[in-house]
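S.K.: predicted model and sequence below, questions to follow.
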Amino acid sequence: MFSEKLSNSHESVIRINPPILAFSIALACASGLLFGLLPSLRMSRPDISKVIQAAARRVAGTGGQARSLSALIAAQIALTTIIMGAAGAAIGGFMQMMHRNFGYDPANVMSVPIPLHEHSYLTREGRAEYFKTLQEKIAAVPGVADVALSPNGTPPDSGSNLPFEILGSPSAQRQYLRASFISPEYFSNLRIPLLEGRLWDEAENTRGAAVVAINQALARQYFPNGNAIGQQIRMPTLTLQSDEPGRLVGVTDTDGWVQVVGVVADSFNNGLDKPVQPALYMPYTRYMWMDTQFLVRAHGLPLSSLHDVQRAILSINPDQQTDLNVRDLNQWIEQQPEFQRQRLFSILFGLFSGLALALALVGLYSVVSYSVAQRTNELGIRMALGAQRADVLWIVYRNIGSTVFGGLLAGLLIFLTLHNMLIHWTQNSYSSPLILAAVAALFILCATSACIIPTLRAVSIDPMQAIRYE
């Protein structure tokens with residue numbers, strides 16, 4: 001008995017994890033207390049001799065405190081580089097997914113589900129005629145370019161997963177394919193090209209002929225010699241048995257074998273992040289359920305024609321309703337869990353990397369300003385002794401440059417070390433040397449910008465004023 005569902009719906013469910021939330025709050029509070037109390041405790045017990053020698057240290061240069069600050073800034077830069085590298089990979093993967101070739105054209109196509117009333121159109125001929133009449137009426141709506149029919153062929157997660165057999169080809173293990181039941185307009189509607197053989201005509205569609213088309217994936221895997229046309233395939237679980245009479249109608253005088261008459265190009269049928277599965281397409285009139293979907297291609301935005309399409313359906317049957325879940329195929333793509341997950345990763349990594357970059361730049365600017373202020377006497381003496389502004393500029397940039405490039409190098413090395421783990425964790429991410437180069441260039445540019453004001457202040461110091469500075 002055929003019990004596969006003809007349509008699948010996915011949704012991304014995001015819930016707050018209380019233990020992780022509690023741990024994050026505790027960690028944030030502990031970090032604030034630790035880094036806030038340590039300087040306070042240190043200042044509450046001053047060393048008088050060090051205070052007396054403070055001016056001498058300003059002239060002699062920075063000591064352990066400055067080195068500690070530089071180490072912290074370098075660590076912050078390294079961490080920011082790692083986060084920005086991961087963000088670049090996540091955003092790159094999302095952009096790649098948005099511009100991926102799906103094997104079909106989802107633009108200007110909407111899916112209109114049509115549920116039948118119980119105990120209506122109980123014969124194959126009556127149901128097929130009713131669906132055909134609806135299809136022709138929808139095709140006559142102004143603004144509609146093409147109409148196809150399929151109960152389960154809406155990509156990118158299309159078809160029913162069924163076991164199958166190939167005549168004369170015994171298999172030790174059970175083989176599965178994606179079976180879609182479609183009208184012959186399906187391929188032209190979705191712009192899926194025919195590569196070999198032919199498609200069934202309207203006469204074959206009307207009588208539910210035992211002909212099918214297969215995709216490249218099935219042809220390559222099971223007919224590598226290029227002899228797919230004319231082969232016989234059967235899906236043993238696809239029968240007319242049903243718990244409720246009339247829910248499934250179809251061709252009765254059949255042994256289940258169907259003949260391959262065409263090979264079509266691959267198109268996504270198993271989500272956005274999995275390989276294309278072997279697929280088979282057969283006339284929908286062989287097996288018809290109580291509902292179906294019309295794929296309506298419009299000349300413009302498809303949803304703008306929805307009201308006219310619904311009116312056309314009501315003109316045929318005033319009691320016929322359309323399902324509320326009407327979406328264009330781009331919305332179907334956006335509703336896929338992998339698309340939503342990748343978009344969420346991109347947003348989160350983008351926000352966190354932006355925040356980390358801002359904090360790193362603020363810390364960098366603070367350290368540069370502090371180091372320049374601490375060395376005012378030293379810089380003034382150097383300029384009074386004949387040092388040029390370029391020399392002072394080099395002193396300032398040499399110290400901060402070692403911090404920036406050291407942190408940047410450490411961050412890049414750590415990111416490359418953890419590269420595979422980060423890419424696997426973010427899933428569908430795209431990593432490229434260009435992304436790492438862009439991250440490094442952006443950080444160097446931002447770090448240089450953060451140094452401009454302290455450096456200009458350093459090179460504009462009046463030597464006599466700097467010598468008297470305390």
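M.R.: The structure has been received and is ready for your questions.

S.K.: hey, where'd the strands end up in the stretch 51-200 of the chain?
M.R.: Taking DSSP state E, counting those that start in this stretch as the criterion, the stretch 51-200 of the chain carries its strands at 109-115, 144-149, 160-166, 175-182, 194-197.

S.K.: can you add mean pLDDT, distance to residue 347 and mean neighbour count and give the ones you listed back as JSON lines?
M.R.: Every residue, glycine included, has its C-beta placed from N, CA and C. Output for the strands of the stretch 51-200 of the chain, formatted as JSON lines (pLDDT from 0 to 100; distance: least, Cβ to Cβ, whole Å; neighbours: other Cβ atoms under 10 Å):
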{"stretch": "strand 109-115", "mean pLDDT": "94", "distance to residue 347": "27", "mean neighbour count": "21"}
{"stretch": "strand 144-149", "mean pLDDT": "95", "distance to residue 347": "35", "mean neighbour count": "20"}
{"stretch": "strand 160-166", "mean pLDDT": "93", "distance to residue 347": "32", "mean neighbour count": "18"}
{"stretch": "strand 175-182", "mean pLDDT": "95", "distance to residue 347": "32", "mean neighbour count": "22"}
{"stretch": "strand 194-197", "mean pLDDT": "96", "distance to residue 347": "39", "mean neighbour count": "15"}
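
S.K.: columns distance to residue 327 on top of these, output as TSV?
M.R.: Converted to TSV, the strands of the stretch 51-200 of the chain look like this (distance: least, Cβ to Cβ, whole Å):
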stretch	distance to residue 327
strand 109-115	6
strand 144-149	16
strand 160-166	20
strand 175-182	18
strand 194-197	27
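
S.K.: looking at those strands, which is nearest to residue 329?
M.R.: In terms of Cβ to Cβ, the element of these nearest to residue 329 is strand 109-115, at 4.7 Å.

S.K.: nearest to residue 131, of the strands of the stretch 51-200 of the chain?
M.R.: strand 144-149 (6.0 Å).

S.K.: next, the angle strand 109-115 makes with the closest one.
M.R.: 50 degrees (axes from the mean of the first three to the mean of the last three Cα atoms, to 10 degrees).

S.K.: list of residues touching strand 144-149?
M.R.: 108, 131, 135, 138-139, 182-183, 185-186, 188-190, 284, 292-299, 305, 309 (Cβ atoms under 8 Å, 6 or more residues apart in numbering).

S.K.: can I have the buried ones of those residues as a ChimeraX selection?
M.R.: Command for ChimeraX that selects the buried part of the contacts of strand 144-149, burial taken from 16 or more other Cβ atoms under 10 Å:
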select :108,131,135,138,139,182,183,185,186,189,190,284,292,293,294,295,296,297,298,305,309
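
S.K.: quick one, domains of the protein?
M.R.: Split into domains by automatic domain parsing, the chain comes to 54-100+339-468, 117-319.

S.K.: now those domains as JSON lines including distance to residue 331?
M.R.: Listed next are the domains of the chain as JSON lines, based on distance: least, Cβ to Cβ, whole Å:
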{"stretch": "domain 54-100+339-468", "distance to residue 331": "10"}
{"stretch": "domain 117-319", "distance to residue 331": "9"}
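
S.K.: residue 82 contacts residue 414, correct?
M.R.: Yes. Using Cβ atoms under 8 Å, residue 82 makes contact with residue 414 at a distance of 5.6 Å.

S.K.: between the two, which has more neighbouring residues?
M.R.: residue 82 (23 against 15; other Cβ atoms under 10 Å).

S.K.: distance of residue 406 from residue 399?
M.R.: To residue 399, residue 406 is 11 Å away according to Cβ to Cβ, to the nearest Å.

S.K.: and residue 16, by the same measure?
M.R.: Residue 16 is 44 Å from residue 399, by Cβ to Cβ.

S.K.: ok, residue 164 next?
M.R.: Residue 164 is 70 Å from residue 399, by Cβ to Cβ.

S.K.: all strands for the stretch 201-350 of the chain, in order.
M.R.: So, for the stretch 201-350 of the chain - with DSSP E, counting those that start in this stretch - the strands run 211-215, 232-234, 249-250, 257-264, 279-283, 287-288, 291-298, 327-328.

S.K.: just checking: what are the partner strands of the first one?
M.R.: So the one you mean is strand 211-215. strand 257-264 (parallel), strand 279-283 (antiparallel) (DSSP bridges).

S.K.: quick one: it to strand 175-182, angle?
M.R.: 120 degrees.

S.K.: how many neighbours does residue 405 have?
M.R.: If you count neighbours by other Cβ under 10 Å, residue 405 ends up with 16.

S.K.: name the helix or strand for it, please.
M.R.: helix 389-417 (DSSP states H and E).
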